[in-house]
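structure for this input, please:
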Amino acid sequence: MQKDYNGKFSGMSIAAFICSFFGCIGIAGIVLGIIDLTKKDGRKRGLAIAAIIIGAIMTIGSFAALGGSSDENKTTAEVDTVEENTMVADDTSTVAENKTEGSKEETPEESSKENTSDAGIELIAGETGEYGKELVLNEGTEFEDKTIGYFVPSGMYEVKNIGDHMTQVNVYKNEKKTTEEGWEEWADTNVELLDVNETKEMKVEEGYFFNIDEPSHILIKLLDSETSDDNSNTEVLREEFNSKLGETKPLWYESVLRDKTGNWRELVVYSNKAIDKDLACEYCKAYFNSDDEVHWVTNLNLKTVTRFNKSGNLLFVTTTEYRDGEENDANELGGGMKLDEFCVNLDTGELFSLEDE
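Numbers count the residues shown, from 1 in each chain. Purely as a prediction, here's the structure:
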């Protein structure tokens, strides 16, 4: 017996109708709706038709939405790309501007060259640099001595030890002389010992040069004319004293090895004159810079060591017997037998004997 389906909706049309409302399965709803329309069982086809129409609308809407999202993403990506390119272009422009501005400024090398007088000149032992020249003493002998002379412009220099060790700085005259033993040495010498970071002043005359041994590293600065004038006056006083002592090539040291105070100074001479009241006063004018200083004059000819210390207008002088090598050690200086002792008033020249006190 055939069932009567007139006036009823089929299950397929109902399913198609429901599926048509969901974008992702709307196509399935359309397919089910079409299949239901082809059946001839007398059921109602309204839901199938509605499912086809609604499914088509939902499907078209879904594709439109996807297309719009894709275009939006593409547009966003393009905008980001444009912005990034713009930023890169700006950065490139800034770099170019900086380079252009930088080209107008002095290069480090040009600046260094222009400020050489302000920054000073570095001298590194073993390296010729700009001012160095290779020199030789006793060439061709077993005692051949090769060294480097730094021929800087003449004048008064501030010399600073910027190395890691105590160093000896020499100023030699570029002229050789032969000793009694037959060996060559430089005709005139000025020597200073500098502790690490210590600064002293040294004069370089025309025809003279700086000399240092490894691993020395020093910085020299040419002093201005006013300072040079003051130092020139000091040099004149010292030359006068040296002349009165009969010594033209003394060795002057701004420091003494193993001195813990930093105030000791020493002059090493080879003279046949002893230090008397007049020479003591001349020495004080030429070499003393402060009452805190203690000075020593070591006379290798007379085998004496004379100590000077100052208090106000009074200069105290003590002479002792020289012991071999004591000029090189603050712990040994002045340790010999006392030979003479006196005090002189620098204002009046009055002499006081200290032997009876």
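
in the stretch 201-350 of the chain, where is pLDDT below threshold?
Low-confidence segments of the stretch 201-350 of the chain (pLDDT under 70): 225-232, 248.

where do the strands sit along it?
Ranges of strands in the stretch 201-350 of the chain, per DSSP state E, counting those that start in this stretch, are 208-212, 217-222, 251-253, 264-269, 294-299, 304-311, 314-321, 338-345.

other SSEs contacting the fifth one?
So the one you mean is strand 294-299. strand 264-269, helix 277-287, strand 304-311 (3 or more C-beta pairs under 8 Å, 6 or more residues apart in numbering; DSSP states H and E). Quick note: C-beta positions are derived from backbone N, CA and C, even for glycine.

what's near enough to touch residue 157?
Residue 157 makes contact with 201-204, 220-223, according to C-beta atoms under 8 Å, 6 or more residues apart in numbering.

now the two most distant members of the residues you listed.
203 and 221 (13.3 Å; C-beta to C-beta).

return the most buried member of the helices and strands packed on strand 294-299.
Greatest average neighbour count among the helices and strands packed on strand 294-299 goes to strand 264-269 (a mean of 21), per mean count of other C-beta atoms under 10 Å.

ok, that one: who's next to it in the sheet?
strand 251-253 (antiparallel), strand 294-299 (parallel) (DSSP bridges).

tell me the most buried of these?
Of the strands paired with strand 264-269, strand 294-299 is the most buried (mean count of other C-beta under 10 Å), at a mean of 22.

in stretch 339-350, which residues are buried?
Under the neighbour-count criterion of 16 or more other C-beta atoms under 10 Å, stretch 339-350 has 339-340, 342-344, 346 buried.

please convert those residues to CSV, extending it with distance to residue 277.
Putting the buried residues of stretch 339-350 into CSV (distance: C-beta to C-beta, whole Å) gives the following:
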residue, distance to residue 277
339, 15
340, 11
342, 7
343, 10
344, 5
346, 10
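
that older thread, make TSV out of the strands paired with strand 264-269 and add distance to residue 266.
Listed next are the strands paired with strand 264-269 as TSV, based on distance: least, C-beta to C-beta, whole Å:
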stretch	distance to residue 266
strand 251-253	4
strand 294-299	5
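
ok, residue 187 touching residue 177?
Yes: if you go by C-beta atoms under 8 Å, residue 187 and residue 177 touch, sitting 4.7 Å apart.

when those two are compared, which one has more neighbours?
residue 187 (14 against 11; other C-beta atoms under 10 Å).

thinking again about what came up before, ok, so of the contacts of residue 157, who is nearest residue 155?
Scanning the contacts of residue 157 for proximity to residue 155, where the rule is C-beta to C-beta, the winner is residue 222, at 5.0 Å.

which residues does that closest one contact?
Per C-beta under 8 Å, 6+ apart, neighbours of residue 222: 117, 152-153, 155-157.

buried subset of those?
152, 156-157.

lowest-confidence one in those?
Across the set of the buried ones among the contacts of residue 222, residue 156 stands lowest in pLDDT, at 90.

quick one: the helix or strand where that one lies to strand 217-222, angle?
Residue 156 belongs to strand 155-161 when assigned by DSSP states H and E. Angle, strand 155-161 to strand 217-222, by axes from the mean of the first three to the mean of the last three C-alpha atoms, to 10 degrees: 150 degrees.

following strand 155-161, which helix or strand comes up?
Following strand 155-161 toward the C-terminus (DSSP H and E): strand 167-173.

which of the residues in that following strand are buried?
167, 169-173.

repeat for stretch 138-158
138, 147-152, 156-158.

closest to residue 302 out of those residues?
residue 138 (30.7 Å).

pretty sure that closest one contacts residue 145?
Yes: if you go by C-beta under 8 Å, residue 138 and residue 145 touch, sitting 5.9 Å apart.

need the phi and psi values for residue 350.
phi -70, psi 140 (degrees, to the nearest 10).

now do the same contact list for residue 153.
Residue 153 neighbours (C-beta under 8 Å, 6+ apart): 204, 222.

chain neighbours aside, what residue packs nearest to residue 291?
Closest residue to residue 291 apart from its sequence neighbours, by C-beta to C-beta, 6 or more residues apart in numbering: residue 310 at 4.9 Å.

report the beta-bridge partner residues of that neighbour.
residue 315.

just to revisit the earlier point, tell me which of the strands of the stretch 201-350 of the chain lies nearest to residue 245.
Closest among the strands of the stretch 201-350 of the chain, using C-beta to C-beta: strand 264-269, at 6.2 Å.
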